[in-house]
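Chemist: Return atomic coordinates for the entry below.
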Amino acid sequence: MASRDELYNLLGGLSSLLLLMSVQGAKGGSLKESQGVCSKQMLVVPLHYNESYSQPVYKPYLTMCNGRRICSTYRTTYRVAWREVKREVQQTHVVCCQGWKKRHPGALTCDEAICAKPCLNRGVCVRPEQCQCAPGWGGKHCHVDVDECRTGVTLCSHHCLNTAGSFTCGCPQGLVLGPDGRTCAEGNLEPPTGASVLSVAVREAEHDEHALRREIRELRGRLERLEQWAGQAGAWVRAVLPMPPEELQPEQVAELWGWSDRIESLSDQVLLLEERLGACSCEDNSLGPGLNRQPIRNLSRTLAL
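Modeler: Alright, predicted model coming up:
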């Protein structure tokens, strides 16, 4: 009997241990999934709505069958109809732990910490009632200015001046602050005067003026060359035409265009012959396959016309 009681106690202890381990595992899983989630609930939400669907409609009609007799049949058409739908959907509802909240009502995580008093000076609330401050600020709510000049770290080569959230470096008389803003070097403390700034502006304006004048000269040279070319082209046209261009009739203009096309075609033929003459065989003094002196005579007659 004692052994049976011990067995029952052992089984009870094992079941309690397994239950405890399952609870801890569930908590650990939820914390691993989101540190701000305390529990998740599965809610059943009833839905009630109307939806449209295609409803078949059978319409009878008469037609001719085999044997020249009248038969009755039907055709199927469809129309839009409405029906009532009732169903249930499952929706996950997340309960946030104290100090955490959702970014929006439908979120499944609680990853936004809550700080009752806001974090100042660009600080960020990273955990409940815990601010992460920007450089140069401290305190629970990032409201305390950190004096960088008293931290024991050498920030400036000479003088360090604390400011709100930062610091500035200064130099003794006769030295100027370098480009890094921390070291001092010998230099001129006087800021640039209005006369020096004006002289720089004048030099830049003179440079722009020279560049503009050079561009104008180039444009004038191009214009002169275009005018010379236009004059030569006009003289050539007047020499070729039988009469002044302004006295030409429409049919004469069309004839000139025809001659222009013919000349262009003949020019292409001459270029083709020149290419084929370049590939001629020097052994038999021939002009290549398919080419003899007869086309050249024909071309000569055409040019003579």
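
Chemist: start to end distance for stretch 108-128?
Modeler: Across stretch 108-128, the terminal residues are separated by 19 Å (CA to CA, to the nearest Å).

Chemist: can you check stretch 169-187 too?
Modeler: Terminal residues of stretch 169-187 are spaced 16 Å apart (CA to CA).

Chemist: Next, the buried residues of that stretch.
Modeler: Of the residues in stretch 169-187, Cys169, Cys171, Leu175, Leu177, Arg182, Cys184 count as buried by neighbour count, 16 or more other CB atoms under 10 Å. Bear in mind the C-beta positions are built from the backbone N, C-alpha and C, glycine included.

Chemist: residues contacting the fourth one?
Modeler: To tie it back to what came earlier, the one meant is Leu177. Cys169, Gly170, Cys171, Thr183, Cys184 (CB atoms under 8 Å, 6 or more residues apart in numbering).

Chemist: before we move on, back to that, can you tell me which of the buried residues of stretch 169-187 end up in strands?
Modeler: Members of those lying in strands (criterion: DSSP state E): Cys169, Leu175, Leu177, Cys184.

Chemist: among those residues, which two are most distant?
Modeler: Farthest pair in those (CB to CB) is Cys169 and Leu175. Separation: 11.0 Å.

Chemist: between these two, what contacts are shared?
Modeler: Contact criterion CB under 8 Å, 6+ apart; residues shared by Cys169 and Leu175: His158, Cys184.

Chemist: what's the average pLDDT for stretch 122-137?
Modeler: Averaged across stretch 122-137, pLDDT comes to 93.

Chemist: Now do the end-to-end distance for it.
Modeler: Across stretch 122-137, the terminal residues are separated by 9 Å (CA to CA).

Chemist: Please enumerate the helices of this structure.
Modeler: Ranges of helices within the chain are 2-33, 194-240, 250-278, 293-304, based on DSSP state H.

Chemist: Next, format the ones in strands among the buried residues of stretch 169-187 as CSV and append pLDDT.
Modeler: As requested, those are exported to CSV (pLDDT from 0 to 100):
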residue, pLDDT
Cys169, 92
Leu175, 88
Leu177, 88
Cys184, 90
